[in-house]
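# sequence and predicted structure are below.
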Amino acid sequence: MTDVARLAGVSHQTVSRVLNDHPNVREQTRLRVRAAIKELGYRPNRAARALVTGKTQLIGVVAQNSTLYGPASLLSAFEEAAGEAGFGVSVGRVKILDRESIAAAVERHRDQRVAGIVVIAPNSSAADALADVPAELPLVTVDGDPERATPLVTVDQAAGAYEATTHLLEAGHQTVWHVSGPPD
C-alpha cells in the first residue's frame, strides 16, 4: 500500500479509502490510485485486513460430502455469488449430517474467522446441530427446518410437486409416480 500511495502521490489512508470504496475520495484521486494499483500489480493483503477487523472475507459453507447434482451446483453458485461480492468460500464437508459433524465443521469455520456460515441442511437430523452455533455468527440454512428461528432459504417442495404432477397429467399421462428420498 505504501508503494501505491507513493506512486499515486497520496497517503496510505487514501489508498485504503479507495480500496474500500469510501465515498470521501475525489474521482481524480480515485483514478490515480487505481492506476497505481494496476501499474504495480497491487493486491490487498486479506490476512492483514483480517487481523485488523477480526474477520475474513470468507463465508463458511457446511455441506454433506456429496457429488449429487443439486448440492454440487449449489456450492458452485455460492462460490460465484461470493466472488462477485468480494468474498471467498471455505467448504467444510461432512460425511453425515449429524450434530457432532456439523458442530465440528462450524468450529473449523469459526477458527478461520469467517464472516458468516451457510449450512446446507436438507434433512431434519442437521437441525439440532444449529442450536450450537453462537448467536453473534451470521447463519443461513438451506433447505433447513422452517420451524427454526434461523434465516432459511428453501424451495417450496409442495408447490413444485403440484406443478410437476399437474404438468404430467395435463400432458396425458395416466399415472404419476413419486420416488422419495430419506424420510427425514
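Happy to help now that I have it.
# spell out the secondary structure type for residue 168.
Using DSSP: H, G, I helix; E, B strand; the rest coil, the structure places residue 168 in helix.
# list the contacts of it.
Each residue near residue 168 by C-beta atoms under 8 Å, 6 or more residues apart in numbering is listed here: residue 176. For glycine as for every other residue, the C-beta is placed from the backbone atoms N, C-alpha and C.
# does the one residue sitting closest to the centre of the chain lie in a helix or a strand, and which?
For the chain, the residue lying nearest the average C-alpha position, counting by C-alpha atoms, centre = their mean, turns out to be residue 59 (4.5 Å). Assigning secondary structure by DSSP states H and E places residue 59 in strand 58-64.
# same thing with residue 101?
Residue 101 belongs to helix 99-111 when elements are defined using DSSP H and E.
# circling back: for the residue nearest to the centre of the chain, give me the pLDDT.
Here the pLDDT value assigned to residue 59 is 74.
# measure residue 56 to residue 116 for me?
According to C-beta to C-beta, to the nearest Å, residue 56 and residue 116 sit 11 Å apart.
# now swap in residue 152 and tell me
Between residue 152 and residue 116 the distance is 14 Å, computed by C-beta to C-beta.
# buried ones in whichever strand or helix holds residue 30?
Under the criterion DSSP H and E, the helix or strand holding residue 30 is helix 27-40. Judged by neighbour count (16 or more other C-beta atoms under 10 Å), helix 27-40 contains these buried residues: 29-30, 32-34, 36-37.
# equivalent analysis for stretch 129-142, please.
Of the residues in stretch 129-142, those buried (16+ other C-beta under 10 Å) are 129-130, 133, 139-142.
# and the helix or strand that contains residue 158, C-alpha only, in PDB?
Applying DSSP H and E as the criterion places residue 158 in helix 157-170. This file holds the C-alpha atoms of helix 157-170, laid out as PDB (Å, rounded to 0.1, in the frame of the first residue of the first chain):
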ATOM      1  CA  GLN A 157     -41.500 -28.600  -2.400                       C
ATOM      2  CA  ALA A 158     -45.300 -29.000  -2.200                       C
ATOM      3  CA  ALA A 159     -45.900 -26.300  -4.900                       C
ATOM      4  CA  GLY A 160     -43.100 -27.800  -7.000                       C
ATOM      5  CA  ALA A 161     -44.700 -31.300  -6.700                       C
ATOM      6  CA  TYR A 162     -48.100 -29.900  -7.500                       C
ATOM      7  CA  GLU A 163     -46.800 -28.100 -10.600                       C
ATOM      8  CA  ALA A 164     -44.900 -31.200 -11.900                       C
ATOM      9  CA  THR A 165     -47.900 -33.500 -11.300                       C
ATOM     10  CA  THR A 166     -50.300 -31.100 -13.000                       C
ATOM     11  CA  HIS A 167     -48.000 -30.800 -16.000                       C
ATOM     12  CA  LEU A 168     -47.700 -34.500 -16.400                       C
ATOM     13  CA  LEU A 169     -51.400 -35.100 -16.000                       C
ATOM     14  CA  GLU A 170     -52.300 -32.300 -18.500                       C
END
